[in-house]
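Novice: got a structure for you, letters missing:
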């Protein structure tokens, strides 16, 4: 059973461009979470999705950031008009149904904005 | 609201000595508690969790953690540290009545094991 997959692993964008980060959850997992990690800092929750639904986006910046988890295909985190402050590692995690389950993390996408 | 505190940014320990990485939590009811480890340029790996039952939980790579309700703590321990244990460790909590809500993470503790 493949783990959580994220691509690309590294992404370089110039200021003002768009960044698209993809996450494929583990097979059988219906819950997807996105986190952001700045250098030497902990994980900050961004958004929690189930298929075709955003459950909690309280950690998402109000502008430029959006996320989706369509019926078919991976979850996408989209950052429009990137700025240098968006440079970070973005991690996706997935879990099955049930509060007692741990989340399984992908390897992350390291976004660098030049 | 749920929260987790990891009071130490950095823990240094000599190889072969016991190690402890501290974690305290705040949640309205009985918590679900988790420990993760992150190696450089990698994602988080699950180590262990406390859901219910025995307060001492055993996990991967020889790690264990003790749930202490009166002290609201869930410290991570290992009897004999290895250099390869050097990494960033995160404690996380979830309120079991909140369903699949996101885990709330501490800010992390960097463990350095010195040969």
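Specialist: It's in. Keep in mind that what you see is a predicted model, and the values were worked out from it rather than measured.
Novice: tell me which parts of chain A are close to chain B?
Specialist: For chain A, the contact set with chain B under C-beta under 8 Å from any C-beta of the partner chain comprises A:4, A:31, A:33, A:35, A:41-43, A:45, A:48, A:55-56, A:59, A:91, A:93, A:95, A:97-108, A:110. The C-beta positions use only the backbone N, C-alpha and C, and glycine is treated the same way.
Novice: Make a PyMOL selection of whichever of the residues you listed turn out to be buried.
Specialist: Selection of buried members from the residues of chain A next to chain B for PyMOL, criterion 16 or more other C-beta atoms under 10 Å in any protein chain shown:
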select buried, chain A and resi 4+31+33+35+42+43+45+48+55+59+91+93+95+101+102+103+104+105+106+107+108+110
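Novice: now, which of the residues of chain A next to chain B lie within helices?
Specialist: Nothing among these maps onto helices, per DSSP state H.
Novice: Which residue is the nearest non-sequential neighbour of residue B:64?
Specialist: residue B:58 (4.8 Å; C-beta to C-beta, 6 or more residues apart in numbering or on different chains).
Novice: Near the one you found, how many other residues are there?
Specialist: 10 (other C-beta atoms under 10 Å in any protein chain shown).
Novice: What of the one 5 residues further on?
Specialist: Neighbour count of residue B:63, defined by other C-beta under 10 Å: 20.
Novice: what's it in contact with, if anything?
Specialist: Residues in contact with residue B:63 (C-beta atoms under 8 Å, 6 or more residues apart in numbering or on different chains) are B:35, B:47-48, B:76-78.
Novice: This completes my enquiry, with thanks.
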